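J.: how would this look folded up:
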Amino acid sequence: MAKRAYSPKDVANIKCKALPFEGQWKDVFGQPEEGDTWFISGPSASGKSSFVMQFAKMLCGIGSVLYVSLEEGVGLSMQRRLAQFKMTEVQGSFRIITDGDIKALEERLAKPKSAKFIIVDSYQYAYEAGWEYSLTRALIDRFKRKTFIFVSQEDKGKPMGKPAIRLKYAAGVKVRTQGFRAYCQGRYSGNVSEYYTIWAEKAVEVYNDKSNN
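T.: Numbers count the residues shown, from 1 in each chain. Presented below is the predicted three-dimensional model:
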């Protein structure tokens, strides 16, 4: 049976819920739709991990966040980042898991009061743990009201691996970190700032060095 064809009026009448971003988050990223997929990539030492943690803390003010820490685990670097961004301030809304089993995650998310936002860091490590592209898409499609945020490694300015590239193009919001700034693509607002500053002092150092060379 053929699927329904929507008129412009039908589309306009569909109720979509936007994420209530405020301040610089709204200026840069607008107010994306709840349940849309995010893809965050960037080279090493670009501020990506710091951006993701800042983003996670902000999201905790909207709903609970589950951080699937496959690449970094819960070792010393994670401990230091949690302390740096004072994540104990949102500990009631923030949890970390290190299990890469996609079926186990699916069971967790099916439970009442499960996380609203799921950060997967990184997709390359998840893929090695069995997150094939088709399974990842099936997970996203099953939990349409949850927002999945995938963090990706890069190789020569592009997401590392063909599955990651496919996932990037499927994502509604794409973010790339470079020089301690986060640049947004797939925006929801036409009146947005050029970038989000992750770490002002470091960004100044990076761009001063570039201007002097």
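J.: In this structure, which residue is most central in space?
T.: I149 (3.0 Å; CA atoms, centre = their mean).
J.: The helix or strand hosting that residue packs against which elements?
T.: Assigned by DSSP states H and E, I149 falls within strand 147-152. Judged by 3 or more CB pairs under 8 Å, 6 or more residues apart in numbering; DSSP states H and E, the packing partners of strand 147-152 are strand 38-41, helix 48-59, strand 117-121, helix 123-128, helix 162-170. Every C-beta, even on glycine, is put in place using the N, C-alpha and C of the backbone.
J.: Report the buried residues of the last one.
T.: Residues of helix 162-170 classed as buried under the neighbour-count rule (16 or more other CB atoms under 10 Å) are P163, A164, I165, L167, K168.
J.: Buried by neighbour count: which residues of the helix or strand hosting R80 qualify?
T.: Using DSSP H and E, R80 sits within helix 76-84. By neighbour count with 16+ other CB under 10 Å, helix 76-84 contains the buried residues M78, L82.
J.: What mean pLDDT does it get?
T.: Averaging the model's pLDDT scores along helix 76-84 yields 96.
J.: Off-centre distance for that helix?
T.: 19 Å (CA atoms, centre = their mean, to the nearest Å).
J.: For whatever helix or strand comes next after that helix, which strands pair with it and how are they oriented?
T.: Next along the chain after helix 76-84, taking DSSP H and E as the criterion, comes strand 94-97. Here strand 94-97 has these sheet partners by DSSP bridges: strand 65-69 (parallel).
J.: List of residues touching the partner strand?
T.: Contacts of strand 65-69 with the rest of the structure, by CB atoms under 8 Å, 6 or more residues apart in numbering, involve 56, 59, 78, 90, 93-100, 105, 108-109, 114-121, 126.
J.: Make a ChimeraX selection of the buried ones in these.
T.: Selection of the buried residues among these in ChimeraX, burial being defined by 16+ other CB under 10 Å:
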select :56,59,78,90,93,94,96,97,100,105,108,109,115,116,117,118,119,120,121,126
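J.: Parallel or antiparallel, list what pairs with the strand holding I149.
T.: strand 38-41 (parallel), strand 117-121 (parallel).
J.: which residues sit against the shortest one?
T.: Contacts with strand 38-41, where a contact means CB under 8 Å, 6+ apart, come from 32, 48, 51-52, 55, 147-154, 159, 164, 167-168, 171-177, 182.
J.: Would you list the buried entries among these?
T.: Neighbour counting by 16+ other CB under 10 Å classes 32, 48, 51-52, 55, 147-154, 159, 164, 167-168, 171, 173-177, 182 among these as buried.
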